[in-house]
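# Structure for this input, please:
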Amino acid sequence: MADTKENLQLGPDAFKHVATNTQAQEKIAAPSLTFSQDAIRRLKQNKFALISFWILVIIGIVALLSIWFSPADPNRQHLAYTHLPPKWGNLNIPFINGYRNGIDMYAKNGVPKGTYFFLGTDYLGRDMLSRVLVGTRVSLFIALLATFFDLTIGVFYGIISGWKGGTTDTIMQRIIEIISSVPNLIVVILMLLVFKPGLTSIILAIAMTGWVTMARLVRAETLQLKDQEFVLAARTLGESSTKIAFKHLIPNLSSTIIIQTMFTIPSAIFFEAFLSYIGIGLPAPTASLGTLLSDGQKVLQIYPSELVFPAVVIVVLMLAFNLLADGLRDAFDPRSDNR
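The predicted structure follows:
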């Protein structure tokens, strides 16, 4: 038995020294990311959201530059050039070569050589491209206003309501219910009784009703956050309610605020276009996508291009904002499986 144990003993030659690198073993393979950095990473992985973002950036830049570099005066009339089809230089491509039913409309109307209308003209001979750019600029301006009211009235109203609670919260929520019970169209009509039809009435209607959804979402999130440990710790240390709101609540509400804002913007754009379409929005001769759609609808069967181009722009804007909003919602959701 002793001989067997001696045979089983391993000598020093049976072991091989393995060099170890403690730093390499303890190194974290994945980079450490903050919540915002991880959200941006998730957003970049969403191709549709990323493409939508760059489409909106390009549209915004082009619409802004058109203030100084417009192809033509959007309100200047050329009664001899009415209902011209699109023409892109000398390109002989159907639908953009200036021909309609086999007839060169530019030669027929005596348009000088070298004068082109890339999206054609309307019933008063006004350049459609310039008017579409103006309409896009108006829609984006409405979108910025909706964002402003969401971030000011909606966010702070919701934080105050959720933070104070009790009677204050009850009264503030009853006010929201009263505002929500009145349709936006009724509010606009009431504004028209006081102000002239135009951008002022639309802005006031959005200012009165557009922030309600944001306030409700922020209030619900605030009710959950105010009982969290980090908020209770801040209150124990004697921090004021204002400092807690800006330092703790708003950063933790950022995902909800950003997502809701991105859904509010297309709603505001469609609201303005709808009002202009039915004739209670921007007055003539100011162009908006809604007025362009209304004018194009009247001559759809004869001159379809006058409806198609503004319709394409508003569809692209609506889809881009909604796809970007979906991408942001997935990016800020930690439970998302998008890795």
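
# buried ones in stretch 309-318?
Under the neighbour-count criterion of 16 or more other CB atoms under 10 Å, stretch 309-318 has 309, 310, 311, 313, 314, 317, 318 buried. For glycine as for every other residue, the C-beta is placed from the backbone atoms N, C-alpha and C.

# Could you break the chain into its assigned domains?
Structurally, the chain divides into domains by automatic domain parsing as follows: 37-75+128-331, 84-120.

# Run the chain-centre distance for the last one.
Looking back up the chat, that one is domain 84-120. Mean C-alpha position of domain 84-120 versus that of the full chain (CA atoms, centre = their mean, to the nearest Å) differs by 35 Å.

# So what would you say the end-to-end distance of that domain is?
Chord length of domain 84-120, first to last residue, is 5 Å (CA to CA, to the nearest Å).

# What residues of that domain count as buried?
Under the neighbour-count criterion of 16+ other CB under 10 Å, domain 84-120 has 84-87, 96-100, 105-106, 109, 111, 116-120 buried.

# Stretch 220-232 too?
Of all the residues in stretch 220-232, those buried under the rule 16+ other CB under 10 Å are 221, 222, 225, 226, 231.

# same question, stretch 72-87
Going by neighbour count (16+ other CB under 10 Å), the buried part of stretch 72-87 is 72, 74, 78, 81, 83, 84, 85, 86, 87.

# So the last one sits against residue 115, correct?
Right, residue 87. No - shown here, residue 87 and residue 115 do not form a contact pair, counting by CB atoms under 8 Å, at 9.1 Å.

# Mutual contacts of those two, please.
Common neighbours of residue 87 and residue 115, using CB atoms under 8 Å, 6 or more residues apart in numbering, are residue 106.

# Let's have the buried residues of stretch 309-318 in a markdown table, adding secondary structure and pLDDT.
Formatted as a markdown table, the buried residues of stretch 309-318 follow (DSSP: H, G, I helix; E, B strand; the rest coil; pLDDT from 0 to 100):
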| residue | secondary structure | pLDDT |
| --- | --- | --- |
| 309 | helix | 90 |
| 310 | helix | 91 |
| 311 | helix | 91 |
| 313 | helix | 91 |
| 314 | helix | 91 |
| 317 | helix | 91 |
| 318 | helix | 89 |
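
# Strands along the stretch 51-200 of the chain, start to end?
Applying DSSP state E, counting those that start in this stretch to the stretch 51-200 of the chain gives strands spanning 99-100, 103-104.

# And the contacts of the first one?
The one in question is strand 99-100. Strand 99-100 is contacted by residues 85, 105 when judged by CB under 8 Å, 6+ apart.

# State the paired neighbours of it in the sheet, together with their directions.
strand 103-104 (antiparallel) (DSSP bridges).

# Report the separation between residue 45 and residue 323.
14 Å (CB to CB, to the nearest Å).

# the more surrounded of those two?
residue 323 (21 against 14; other CB atoms under 10 Å).

# quick one: contacts for that one?
By CB under 8 Å, 6+ apart, the contact list for residue 323 reads 48, 49, 51, 52.

# Spatially, which two of those are the most separated?
49 and 51 (7.4 Å; CB to CB).

# More neighbours: the two, which one.
residue 49 (22 against 14).

# Enumerate every residue touching that one.
Here residue 49 is in contact with 43, 323, 324, 326, 327, 328, 330, 331 (CB under 8 Å, 6+ apart).
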